[in-house]
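A.B. asks: Turn this into a model:
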Amino acid sequence: MAVTTVVPDSLASGTSFTIFGGAGSINAALSDASDSTYISKTSSVVGQASALLDFGTTTITSTQQVKRVRVRARLSTPTANGRINVYLGSRISNQNYFHSALTARGLLTIQTLVGPWQTSAPNGSSWTQAAINGLRVKVTEYGDSSDIGLVYELFVDVDIVNQPSVTVSSPTGSISATTSPDVIWSYTDSDLETQSYYQIKVFTAAQYGAAGFSASTATATYDSGQIASSDSTAVVGTLLLSGVYRAYVRVAKTVNGSPFFSAYAYSDFTISPASVPTVPTLAASWSSSLSKASFTITGAIPTGFASQYFQVQRSDDAGVTYSNIRNASAITPNASYVGTAEDYEAPRGSTVLYRARAVGVTSGSVEIPSAYGTVQQVLITNDSTWWFKAIANSAYNIGSVRVLKQIDVTIEEPNTVFRPLGATRPIVVAGPLQGEDGSYSILTVTAAEYTALSPILNYQGTLLVQDPFGNQKYIRITSRQYSAETINGVIQRTFSVGYVQVSST
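C.D. replies: As a prediction, the model looks like this:
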């Protein structure tokens, strides 16, 4: 890191001060690094008076960030009653903002007071070039007559950190022993701060060769996301097909609680396994009565491999991105090389795409994927009813649920109140926010409907709720109550089901 010090370069406002020692201006007196020149509130001015000083600036390059800023001041007061406040501030978007004051009280000798480092600008935002350009310091004097203090120098220190850099050393060349190679890099930082994050992206030759390619914005074949780690090696987290690739890496250090990333660097490599499995065929169909998509994947003899398995993926965005469907990332085929899978989680009322591939496993446990087969397009119908699905136990799934009312959702924080003996106030113990809470009002009008609904209402795992409006959410039931009445000899039950929204996993 490098600390740059800037000094006053003009007076923004404040005419109630007198210059001593021969300096031609207030800003000159406060920036000459000399105690022989100084300013003081004009003795004829009674009560509080302030001077607002503009400061010089320093350029923050595109590879730098401002980590923190502080004010320093050389001051003295003639008596123990002297009082001076010094405020670090900035003019941002034509408005003045200031941090809390650096206070001088009863300084009978000249002293340099140092304010705290401020990691954000006084308006609460990050320090930007505009905030540095707008640096201001306000000096406020409160004394009268013999208590009037003296201000000798003002400084603002700007602590600037540089962007780290990265060099990628692996993977390189032609790789036949694996399709998920190790990525290895080295981290360098001129400020001697340690790596706290990394991100890896792998692109095919077609992807990185496309017009306007940017590693920051282009869709990657593999993206690790931002990983909080000081590691300098990681495995590509997907099985790559035969072809030419680049592994892009960026690294970051933490500045004021946020990652400050390097630019991307890359290495070139080629995946060229000796043998590749046969591409399987995929047959997909939709059952509206069961609200699920079903698949049959047909492969071939895994020549050159000890075994093979299949993977099925779904795209909800017209093929821009794909992800494995639940329980279909490692489908074991039968003796005829046929495997099956199901998908209960496709969004209703949409057209989704499915694709499948085979993964051969060598005797040394190396996994080699085939290319994906022909994409299958499936229309996921919406039957205008509510479905409640136990995604880990499909036998409990039930559709045509009569939801009378979806009560407005709330965000609630669970807490417990208890009153210890002898305490004058209760103690509240609060848990973390639990996401979106709410409830459903559900009606069953026959004994058969009640019997069918009961397992799902008593289920303790994650449920997927799909409504007839094209929405879906994952929930856990937290409470259930019901009332019953007999109509024409039939017991009708109305359930109030409380829930909390959870992740799909």
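
A.B. asks: list the contacts for the residue nearest to the spatial centre of the chain?
C.D. replies: For the chain, Gln226 is the residue whose C-alpha lies nearest the centre (C-alpha atoms, centre = their mean; 8.4 Å). Residues near Gln226 by C-beta atoms under 8 Å, 6 or more residues apart in numbering: Tyr197, Tyr198, Gln199, Ala252, Pro259. The C-beta positions use only the backbone N, C-alpha and C, and glycine is treated the same way.

A.B. asks: got it, and Val161?
C.D. replies: Contacts of Val161 (C-beta under 8 Å, 6+ apart): Met1, Gln64, Gln65, Val66, Lys67, Asp191, Glu193, Lys253, Val255, Phe260.

A.B. asks: quick revisit: select from the contacts of Gln226 the one having the most neighbours.
C.D. replies: When neighbours are counted by other C-beta atoms under 10 Å, Tyr198 leads these with 26 neighbours.

A.B. asks: From Thr77, how far off is Ser40?
C.D. replies: For Ser40, the distance to Thr77 (C-beta to C-beta, to the nearest Å) stands at 10 Å.

A.B. asks: Need the residues touching each of the two.
C.D. replies: The contact sets of Ser40 and Thr77 overlap at Ile148, Gly149, Leu150 (C-beta under 8 Å, 6+ apart).

A.B. asks: Show me what the last one is bridged to.
C.D. replies: Listed by DSSP bridges, the beta-bridge partners for Leu150 are Ser40, Ser76.

A.B. asks: didn't it look like it was pressed against Ala73?
C.D. replies: No - using C-beta atoms under 8 Å, Leu150 is not in contact with Ala73, being 10.9 Å away.

A.B. asks: correct me, but Val46 touches Glu141?
C.D. replies: No - the pair Val46 / Glu141 is not scored as a contact, 11.4 Å apart, by C-beta under 8 Å.

A.B. asks: Settle it for me: which of these two has more neighbours?
C.D. replies: Set Val46 next to Glu141 and count neighbours by other C-beta under 10 Å: Glu141 wins out with 29 against 9.

A.B. asks: beta partners of the more buried one?
C.D. replies: For Glu141, the beta-bridge partners are Ala49, Ile84 (DSSP bridges).

A.B. asks: hang on, the earlier thing: closest to Gln492 out of the contacts of Gln226?
C.D. replies: Taking C-beta to C-beta as the measure, Gln492 lies nearest Gln199 of the contacts of Gln226, at 56.0 Å.

A.B. asks: Tell me the spacing between the closest one and Gly14.
C.D. replies: Distance, Gln199 to Gly14, using C-beta to C-beta: 49 Å.

A.B. asks: need the next SSE after the helix or strand of the chain with the lowest mean pLDDT, C-terminal direction.
C.D. replies: None of the helices or strands of the chain scores lower by mean pLDDT, DSSP states H and E than strand 427-430, at a mean of 54. Of the helices and strands lying after strand 427-430 in sequence (DSSP states H and E), the nearest is strand 437-444.

A.B. asks: C-terminal to that next one, what's the next element?
C.D. replies: Next along from strand 437-444, by DSSP H and E: helix 447-457.

A.B. asks: now for that next one, which elements pack on it?
C.D. replies: Packing partners of helix 447-457 (3 or more C-beta pairs under 8 Å, 6 or more residues apart in numbering; DSSP states H and E): strand 386-390, strand 398-410, strand 437-444, strand 490-501.

A.B. asks: Dump the C-alpha coordinates for the shortest one into CSV.
C.D. replies: Pointing back at strand 386-390 there. Taking Å, rounded to 0.1, in the frame of the first residue of the first chain, the C-alpha atoms of strand 386-390 are listed here in CSV:
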residue,chain,number,x,y,z
TRP,A,386,-52.1,-26.4,-7.0
TRP,A,387,-49.5,-29.1,-6.7
PHE,A,388,-47.7,-29.9,-3.4
LYS,A,389,-44.6,-32.1,-4.1
ALA,A,390,-42.3,-33.9,-1.7
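
A.B. asks: gap between that strand and the chain center?
C.D. replies: Computed by C-alpha atoms, centre = their mean, to the nearest Å, the chain-centroid distance of strand 386-390 equals 31 Å.

A.B. asks: and if you look at stretch 462-470?
C.D. replies: For stretch 462-470, the distance to the chain centre is 26 Å (C-alpha atoms, centre = their mean).

A.B. asks: can you list the residues that contact stretch 299-311?
C.D. replies: Contact with stretch 299-311 is made by 274-275, 277-278, 280, 297, 324, 328-333, 337-339, 341, 356-363, 368-369, as judged by C-beta under 8 Å, 6+ apart.

A.B. asks: any idea of the mean pLDDT for that stretch?
C.D. replies: Taken as a whole, stretch 299-311 has a mean pLDDT of 95.

A.B. asks: How about stretch 444-459?
C.D. replies: The average pLDDT for stretch 444-459 rounds to 92.

A.B. asks: what does it contact?
C.D. replies: Residues outside stretch 444-459 that contact it (C-beta under 8 Å, 6+ apart) are 388, 390, 393, 396-398, 401-402, 442, 463, 477, 480, 490-493, 495, 497.

A.B. asks: In CSV, could you pull the C-alpha coordinates for it?
C.D. replies: This file holds the C-alpha atoms of stretch 444-459, laid out as CSV (Å, rounded to 0.1, in the frame of the first residue of the first chain):
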residue,chain,number,x,y,z
THR,A,444,-60.8,-31.0,1.6
VAL,A,445,-64.4,-31.9,0.9
THR,A,446,-64.3,-35.7,1.0
ALA,A,447,-62.7,-38.3,3.2
ALA,A,448,-60.6,-39.5,0.2
GLU,A,449,-59.2,-36.0,-0.3
TYR,A,450,-58.3,-35.7,3.4
THR,A,451,-56.6,-39.1,3.3
ALA,A,452,-54.6,-38.1,0.2
LEU,A,453,-53.6,-34.7,1.6
SER,A,454,-52.6,-35.9,5.1
PRO,A,455,-49.1,-37.3,4.2
ILE,A,456,-48.0,-34.1,2.5
LEU,A,457,-49.2,-32.0,5.4
ASN,A,458,-47.4,-34.2,7.9
TYR,A,459,-44.2,-34.3,5.8
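
A.B. asks: where do the helices sit along the protein?
C.D. replies: Counting by DSSP state H, the chain has helices at residues 26-29, 129-133, 205-208, 447-457.

A.B. asks: That concludes my questions; thank you for your assistance.
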